[in-house]
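>>> Predicted structure and sequence below. I'll ask about it afterward.
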Amino acid sequence: TRRSSDLNNWHNNIRITTLYPTNWKGGTIMKRLWHTLLIGAIGDIVIGYLMALGFSTFFNTTYLFPSNPTFVSHWSSPLAATQLSTLLWILIGEVWAFSSWLFEIETWSITKQTIAHCLCSYLGMTPLAILCGWFPLNVRWFGFYTLVYTGVYIGLWLIEMALARIKVIQLNQQLTNHRS
């Protein structure tokens with residue numbers, strides 16, 4: 001049987017470096033939490049705004065629409081659609097910001113971290129993409145969205161792995177030069 005102290009300290013068996021109170025840039029977990037919230041929100045508001053510019057240009061509108069015209073038509077005004085879109089963009093940013101913490105679980109392999117991140121991001125992102133009106137809610141479009149999501153995720157992952165490999169090579173060269 002397990003001792004009660006083992007049950008009370010279950011969290012000590014999971015090593016997440018950034019969740020230790022003073023391990024993140026000398027700050028506390030609350031600072032890390034607020035930093036993640038802020039970066040996720042601001043980052044995706046910027047991305048959402050740039051996408052809105054793209055939608056508006058693509059659909060040749062005379063006003064800035066936050067999404068496609070069908071989405072905007074569901075609301076009382078373009079301003080109301082933009083306000084809701086901004087909230088959705090913030091939520092999308094938070095999904096990506098917080099799911100990135102999965103890459104900091106030291107006891108997991110990079111493969112396990114990547115698969116968990118992909119699944120968590122997909123599960124968080126998909127309902128928000130539906131709410132954003134990015135695709136109609138039917139099996140064909142859902143399948144297309146899933147394929148595009150997976151393709152983009154794999155592409156970005158391959159780029160990140162290539163950049164990480166280059167960084168490791170550079171660090172190894174620096175270590176070799178330092179020892180000489």
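On my side now, so go ahead. Numbering: from 1, shown residues only.
>>> how about low-confidence regions in this protein?
1-27 (pLDDT under 70).
>>> for it, what spans make up the helices?
Ranges of helices within the chain are 4-8, 29-58, 69-73, 78-99, 110-131, 139-179, based on DSSP state H.
>>> looking at the ones you listed, which is buried most?
Among the helices of the chain, ranked by average contacts under mean count of other Cβ atoms under 10 Å, first place goes to helix 78-99 (a mean of 18). Every residue, glycine included, has its C-beta placed from N, CA and C.
>>> which residues sit against that one?
By Cβ atoms under 8 Å, 6 or more residues apart in numbering, the residues outside helix 78-99 that reach it are 36-37, 39-45, 47-49, 52, 63-67, 71-72, 74-75, 117, 120-121, 124-125, 128, 131-132.
>>> tell me the contacts of Thr36?
Counting by Cβ under 8 Å, 6+ apart, Thr36 touches 94, 97-98, 101.
>>> Need the residues that contact stretch 155-173.
In contact with stretch 155-173 (Cβ under 8 Å, 6+ apart) are residues Thr114.
>>> Let's see that stretch as PDB, backbone CA atoms only.
This file holds the C-alpha atoms of stretch 155-173, laid out as PDB (Å, rounded to 0.1, in the frame of the first residue of the first chain):
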ATOM      1  CA  GLY A 155       5.800  21.200 -41.700                       C
ATOM      2  CA  LEU A 156       6.400  23.500 -38.800                       C
ATOM      3  CA  TRP A 157       7.700  20.700 -36.700                       C
ATOM      4  CA  LEU A 158      10.200  19.700 -39.400                       C
ATOM      5  CA  ILE A 159      11.400  23.300 -39.600                       C
ATOM      6  CA  GLU A 160      11.800  23.500 -35.800                       C
ATOM      7  CA  MET A 161      13.700  20.200 -35.700                       C
ATOM      8  CA  ALA A 162      16.000  21.300 -38.500                       C
ATOM      9  CA  LEU A 163      16.700  24.600 -36.700                       C
ATOM     10  CA  ALA A 164      17.300  22.700 -33.400                       C
ATOM     11  CA  ARG A 165      19.700  20.400 -35.200                       C
ATOM     12  CA  ILE A 166      21.600  23.400 -36.600                       C
ATOM     13  CA  LYS A 167      21.800  24.900 -33.100                       C
ATOM     14  CA  VAL A 168      23.100  21.700 -31.600                       C
ATOM     15  CA  ILE A 169      25.800  21.500 -34.300                       C
ATOM     16  CA  GLN A 170      26.800  25.100 -33.500                       C
ATOM     17  CA  LEU A 171      26.900  24.500 -29.800                       C
ATOM     18  CA  ASN A 172      29.000  21.400 -30.300                       C
ATOM     19  CA  GLN A 173      31.400  23.400 -32.500                       C
END
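>>> I'd like the distance from that stretch to the chain centre, please.
Chain-centre distance of stretch 155-173: 20 Å, with Cα atoms, centre = their mean, to the nearest Å.
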